[in-house]
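> starting from these lines, generate the structure:
(2 chains)
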Amino acid sequence: MSAVRTWAPGDELPPLKIQVTRTLIVAGAIASRDYQDVHHDAELAKAKGSPDIFMNILTTNGLVGRYITDHFGPGAVLRKVAIRLGAPNYPGDTMVLTGKVTSVEENTAQVAVVGANGIGKHVTGTVTVLIGGEAS
Amino acid sequence: MSDGLSEVSRTDGLPEESKGDSLYEELKAYEGLPAAEGGVGRDLVNEPMIRHWCEAMGDTNPAYSGPDAMAPPTMLQAWTMGGLGGHQGRSAAQEELFALLDKAGFSSVVATDCEQEYLRPLRAGDEITFEAVIESVSERKTTKLGTGHFVTTRMDVRANGEPAGTHRFRILKFAPARRTSKKESQKPARRPRPVVNRDNAGYWKGVEEHKVLIQRCTECSVLRFPWLPGCNSCGSAGWDTVEASGEGTVFSYVVMHHPPFPAFDPPYAVGLIELAEGVRMISNVVGVPHDEVRIGMPVHLEFLRVDEELEVPVFRPVDSVGRTA
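Numbers count the residues shown, from 1 in each chain, chains lettered A, B, ... in the order given. So this is what the prediction gives:
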């Protein structure tokens, strides 16, 4: 590592804005091999009481992971990702991910993550990440 | 603001009901039973699936590409998914539990929680195997989405036989809440029905025949509109009718912007029309933008079919050569 960067509890991560497009929802569902119709078929989603298709939890999980490693860099290794979903991510919405470092112990940081969309908190979670650790 | 599940009541406030919930007792018996046994990932960990995932997520982390690439750890569950081919290794217990919930009407599914721990990176060529257990089934809960039961499973994922990660997953199996307000708003709204009584039935009978009938006092011959039981001028209860010629002018008007009423599409002009016969009636001015309606504008009667049951008289501006615009 060229420069040693340190993190401390209370550090805030720059927000990441995710445009929740229909394409993202469908691409995320298929890339995660989730063929539940509510993630790609608006008609069937409506028949099940949803106003539209909505993002699957695996995509949310992937986006949260990306948010953390984008910030801590390619040397960072995810150890734990625990998320809870709230307001669904429907097409046309924007989700803004924000994060705050809650603890740092040796090489391991914990980050509290929130992804808020136009109707509320889509995701709240905690990520444990090994900072600058070896990837294998 | 609707916040989906995050504002969900996780106690349904009906503990007595839950205690006596025989379905819950049945569901609870599945706790500790396997959810998946001997599951094998459909594909070895592979670069194309990693790349597709990274493209979808917009993840450009260099650790996920190149010769020694690792898979994004958050892909853990994806390697265990059955895809269109169906679920791999799902246990009989899991199938039964879901069938019980489906049968009880809790047929919709939404994932609510995902907790993953990553023990080692996954790389191309790794063979994924997994076992899962039904960790818990909740009492019946009422959420914004509907009423149902949370089912939590815990999966142990191995790569080439070595522990690679754990995956705790919670879903809500629920019966969707009735979205009555939404359903009602999806029905095309209908204009309010006129209140027809013995004092004005003759007027609405006239409208059915595409006539605007004006009441005339048989005592003093004064015209009156809208219809009334007696003459405002002499008090006589005797009347007959005169059919309006249909010609009139805008005596006054307002433009409705707010509030919107069902079946009306603001902004629109409501005119007080002075008929050629001298009486005035309230109606819509149609066939002209709402902001081009003017006092004194000559208008002509026509009938607007609002729906299969209702027609109403409206007025359309007459152009300079006397034809309706």
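> quick one: low-confidence ranges for the stretch 51-200 of chain B?
Low-confidence regions of the stretch 51-200 of chain B, defined by pLDDT under 70, span residues B:88, B:178-187.
> where does it get nearest to chain A, residue-wise?
Of all residues in the stretch 51-200 of chain B, residue B:176 sits closest to chain A, at 3.2 Å by C-beta to the nearest C-beta. Glycine gets a C-beta too; all of them are placed from N, C-alpha and C.
> list phi and psi for that residue.
For residue B:176, the backbone dihedrals (degrees, to the nearest 10) come out as phi -60, psi 140.
> just the pLDDT at the nearest residue to it once chain neighbours are set aside, thanks.
Leaving aside its sequence neighbours, residue B:176 sits nearest to residue A:49 (C-beta to C-beta, 6 or more residues apart in numbering or on different chains; 3.2 Å). On pLDDT, residue A:49 comes in at 81.
> might one say that residue A:49 is in contact with residue B:177?
Yes: taking contacts as C-beta atoms under 8 Å, residue A:49 lies within contact range of residue B:177: 7.2 Å.
> list the residues that contact both of those two?
Common neighbours of residue A:49 and residue B:177, using C-beta atoms under 8 Å, 6 or more residues apart in numbering or on different chains, are B:145, B:146.
> more neighbours: these two, which one.
The neighbour comparison of residue A:49 against residue B:177 (other C-beta atoms under 10 Å in any protein chain shown) goes to residue A:49, with 17 against 13.
> so that one, which of the three states?
Of the three states, residue A:49 takes coil under DSSP: H, G, I helix; E, B strand; the rest coil.
> how far away is it from residue B:105?
Taking C-beta to C-beta, to the nearest Å as the criterion, residue A:49 is separated from residue B:105 by 13 Å.
> three-state assignment of residue B:115?
Under three-state DSSP, the three-state class of residue B:115 is strand.
> tell me where the stretch 101-250 of chain B has helices.
B:180-186, B:201-208 (DSSP state H, counting those that start in this stretch).
> what is the neighbour count of residue 32?
All of this refers to chain A. By other C-beta under 10 Å, the residues close to residue A:32 number 27.
> ah, no, chain B please
Residue B:32 has 11 neighbouring residues, counting by other C-beta under 10 Å.
> what about the nearest residue to residue B:295 once chain neighbours are set aside, distance to residue B:281?
Nearest non-adjacent residue to residue B:295, counting by C-beta to C-beta, 6+ apart: residue B:250, 5.6 Å away. As for residue B:250, its distance to residue B:281 is 12 Å (criterion: C-beta to C-beta).
> which neighbours do those two share?
Shared contacts of residue B:250 and residue B:281, counting by C-beta under 8 Å, 6+ apart, come down to B:272, B:273.
> would you map the strands across chain A?
Under the criterion DSSP state E, chain A contains strands at A:12-20, A:77-85, A:93-105, A:108-117, A:120-130.
> okay, angle between the first one and strand A:120-130 too, please.
So that's strand A:12-20. Using axes from the mean of the first three to the mean of the last three C-alpha atoms, to 10 degrees, the inter-axis angle of strand A:12-20 relative to strand A:120-130 is 130 degrees.
> could you say what helices and strands strand A:12-20 packs with?
Using 3 or more C-beta pairs under 8 Å, 6 or more residues apart in numbering or on different chains; DSSP states H and E, the elements in contact with strand A:12-20 are helix A:57-72, strand A:93-105, strand A:108-117.
> residues touching residue B:293, list them.
B:250, B:253, B:255, B:269, B:271, B:285, B:317.
> where does chain A have low pLDDT?
A:1-5, A:133-136.
> center of it - which residue?
Geometric centre of chain A, nearest residue: residue A:64, 2.0 Å, by C-alpha atoms, centre = their mean.
> residue A:129 is in contact with that residue, correct?
No: contact criterion C-beta under 8 Å: residue A:64 and residue A:129 do not qualify, at 11.0 Å.
> now name the helix or strand holding the residue lying closest to residue B:137 once chain neighbours are set aside.
Nearest residue to residue B:137 in three dimensions, chain neighbours excluded: residue B:27, at 4.4 Å (C-beta to C-beta, 6+ apart). Element membership for residue B:27 (DSSP states H and E) is helix B:22-28.
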